[in-house]
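[1] Pasting the sequence and the predicted coordinates here, then a few questions.
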Amino acid sequence: MLSPREFLLQECRNVEELLRDALRYDYGPTGSRFFFEECYSRLQAITGFAKTLTDFNRKEIRFYARELSHLSRLIAQIERSHIGEFPWAFGESLKKLAERLCADRDLDKGTQIKKAGHPLFFIMAEGGLSAFEARKDSNRTRLCKRQVFTIVVPRSLKHHVLLHAVLGHEVCHAALWRSKLHEQLNVAGVSLGKITPLTNSQELLKWIGKACPKLEAQFKPTIEDVRRRWLQELLCDLFGLVFMGPAYFAAVRTMLGLSDPTGEHIDPSHPPHVWRYQMLEYAYRDLGWDNSLPKSVNNDTQVAALRFNTALFDYNHSAMCTDTVIRRDLVVSATKKLSKLLEDFGGFGYDKPEAKTLEHLLSDIQALRPPIGQTVKTGKIKFLRPDFRQILHVGWLACHTKVDKILPQDSKHDAFTTINRLCEQAIIQERAIRKSRIRRSGKKKGRDRAGA
Amino acid sequence: MPALSRKAILKRLDDKSLYVGPLLTSKQIGDASIDLRVGNIALIARARGISHVDPRAYLEDQGPVHAYERIRRQKLERHDVPFGEPILIHPGQLTLVPTLEWVEMPDKLMGQVTARSSWAREGLNIATATLINPGYRGIITLELSNLGQIPIQVYPGMCVAQISFHTVEYPGFSREQASQFQLSFEPQPGNIADKKKRDDAFIPQVKRVKSRR
Ligand SMILES: [Zn+2]
């Protein structure tokens, strides 16, 4: 039999072998080097400490065993981050933004501090529709040089980039794990804490007691946790919207609608969905995204935008007193602060395209081609250069047109998948366009914003 | 079958009666063709896949049945290859890749895809001169094969093929044909046993009754 210390050292060797073996897999487009180096440095630190222990250091042995276990879980997880299992071009664009957002920065100058300590993001697919999730890394700063956040997406939605817009929410969770960002985001969202049932745990308990008396006793012991969680979820929703654009709202409505069609379910982990919808609606309107498009835009685009908005706002506003609980002024205040914060970071907020751009991109999808806005005039080729979030926005608009009418017989029944795949293709093509432009001009031109 | 000149291609791209995109530079349009780039998927025969190609495996179209589906899925290994990552093609190896470009053919044109001569001289060939039918929409599947003696590495985004356009006499296809066109998003292993063309009449039946649901 091995003593605990012997087994710990044995497991260090096992994990090293696991790490080497993980290099057999393609885990993520940007390669495996940074991840390998981070894991290897953690492993070396753990092994180094473990070697100094004796069998009597029981507490320490337990501590390092736990860290090692976390590390091996991380490696095994990343090993499954196979890029054939999620939309990699979308993943790359999102990762790039998230890594820049969570990078350490000098806020006075608004610049990022370039250093090897930036967090790493990994995307992997798992079964189940509730798989959309961000997973936190170990907190042991002594062992970690860079934090590794894992973003999980449902395997079955490999091509459904429109639904992946919900990941805006998960990016916020990851940002909240960075201590500095955590503070700033919470300050921006402070007015959400003034929503009456969320001001303190007593108020929340009172509200639950009224909305669903039988749940009161069940929620009571952990009510303060529930209150904090609900607040954080609302903040992540608001962030998701400001960051990802209208596609976020549409994706949230679609995903949540399946698990809770009425939106009135009370759950300790998330506030009632109707609250979330109402908050998102106020923010959406405040951002001016519901404004009708100018007359110069063609009828199809105007009708699509109108139908899209109508669908977004179609829920029971008076359910669970939502219309009185969620106050417009509080939401608007938080939206403005959050938009400003993301703007100050270097243009991370969603940039609604010009109406004419929307029209052109939408007409691309209606012609069943990836929406990149290519025009060829007298031998000159131009692109509209949409950001991936704008592509998703247009994709959702297209869902409210009669695309299915022009689809081939075999795919008529599944216009949604076709639109998703066209958008996925557009995101890939847009990466190629950007790459060719960067190479030619030597560096990025005219793209100072964070758009990827 | 006259081919479209650069001028004619540009005119059609301009009035959108032909679509090939993204065209990353106007230099991609040649005197009578458009260069096509390698896309981001590679389908390569699997080392431990099936032993041989059997048309019988292609006959089943009644929904997933384990044996049939397994053969289809196991024959080729699928790799998603981001920009900057190489695709290695060994001598004699066949690799199916999509084009980066989305292509839309009007009723009056058909396309012919061939290797670019500079690559062909290195041994990289498009296995057959692919014909693109009028009305086609989607990526084009390139059958890359290395006829040289040493391995060749290609990167997604590189121009390896070209498409020329030819006019079709008496254009217009039947309603039934038109409805059969699927949008093509990925390289597809073709159907070598086409029931509509009565290939099945010449393929011995497989004993399959009991395993079906
Ligand atoms: Zn959440």
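    Sure thing, it's come through. Residues are numbered from 1 along each chain as shown, chains lettered A, B, ... in the order given.

[2] Can you tell me how far B:T167 is from chain A?
    20 Å (CB to the nearest CB, to the nearest Å). Glycine gets a C-beta too; all of them are placed from N, C-alpha and C.

[3] now do B:E85
    7 Å.

[4] That residue contacts B:G157, doesn't it?
    No. If you go by CB atoms under 8 Å, B:E85 and B:G157 don't touch, sitting 10.6 Å apart.

[5] Which neighbours do those two have in common?
    Residues touching both B:E85 and B:G157 by CB atoms under 8 Å, 6 or more residues apart in numbering or on different chains: none at all.

[6] is it true that B:L142 lies in a strand?
    Yes. Under DSSP: H, G, I helix; E, B strand; the rest coil, B:L142 sits within a strand.

[7] Provide a list of residues in contact with it.
    By CB under 8 Å, 6+ apart, the neighbours of B:L142 are B:36, B:38, B:96-99, B:113, B:126, B:130, B:160-161, B:187.

[8] Who is it paired with across the strands?
    For B:L142, the beta-bridge partners under DSSP bridges are B:V97.

[9] Count the neighbours of A:K95 for me.
    Residues within reach of A:K95, counting by other CB atoms under 10 Å in any protein chain shown, total 22.

[10] ok, the most centrally placed residue in chain B to chain A distance?
    The centre of chain B sits closest to B:T141, judged by CA atoms, centre = their mean, with a distance of 1.9 Å. According to CB to the nearest CB, B:T141 and chain A sit 15 Å apart.

[11] Just give the closest residue to that residue, not the sequence neighbours.
    In space, and not counting its chain neighbours, B:T141 is closest to B:P187: 4.1 Å by CB to CB, 6 or more residues apart in numbering or on different chains.

[12] What of A:Q425?
    A:P370 (4.1 Å).

[13] Next to chain A in this structure, residues from chain B, please.
    Applying CB under 8 Å from any CB of the partner chain, we find that chain B lies next to chain A at B:10, B:13-14, B:16, B:19, B:21-26, B:29, B:37, B:39-40, B:78-80, B:82-85, B:100, B:102, B:104, B:137, B:139, B:156-157, B:178-183, B:185.

[14] Go through chain B and flag its longest strand.
    strand B:159-167 (DSSP state E).

[15] And it, what does it pack against?
    Counting contacts by 3 or more CB pairs under 8 Å, 6 or more residues apart in numbering or on different chains; DSSP states H and E, strand B:159-167 is packed against helix B:6-14, strand B:34-37, strand B:109-115, strand B:124-126, strand B:141-146.

[16] Buried among the residues of chain B next to chain A? Need that as a selection in PyMOL.
    Restricted to buried positions by 16 or more other CB atoms under 10 Å in any protein chain shown, the PyMOL selection for the residues of chain B next to chain A reads:
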select buried, chain B and resi 10+13+19+21+22+23+24+29+37+39+40+79+80+82+83+85+100+102+104+137+139+156+157+181+182+183+185
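
[17] Select from the residues of chain B next to chain A every entry located in strands.
    Using DSSP E, those in strands are B:19, B:21, B:37, B:78-80, B:102, B:104, B:137.

[18] got the residues you listed as CSV, with pLDDT columns?
    Below are these laid out as CSV (pLDDT from 0 to 100):
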residue, pLDDT
B:Y19, 96
B:G21, 89
B:R37, 97
B:R78, 89
B:H79, 90
B:D80, 91
B:W102, 97
B:E104, 93
B:R137, 90
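
[19] and which of these is nearest A:C321?
    Taking CB to CB as the measure, B:D80 is the one of these closest to A:C321, at 48.0 Å.

[20] For the closest one, give its distance to A:V148.
    Distance, B:D80 to A:V148, by CB to CB, to the nearest Å: 22 Å.

[21] What parts of chain A come near the ion?
    Along chain A, the residues adjacent to the ion under the rule CB under 5 Å from the ion are A:233, A:236.

[22] ok, which stretches of chain A are strands?
    Using DSSP E, strands in chain A cover A:105-106, A:111-112, A:120-126, A:133-135, A:148-154, A:375-377, A:380-382.

[23] residues touching the residue nearest to A:Q425, list them.
    So A:P370 contacts A:364, A:422-423, A:425-426, A:429, B:21, B:102 (CB under 8 Å, 6+ apart).
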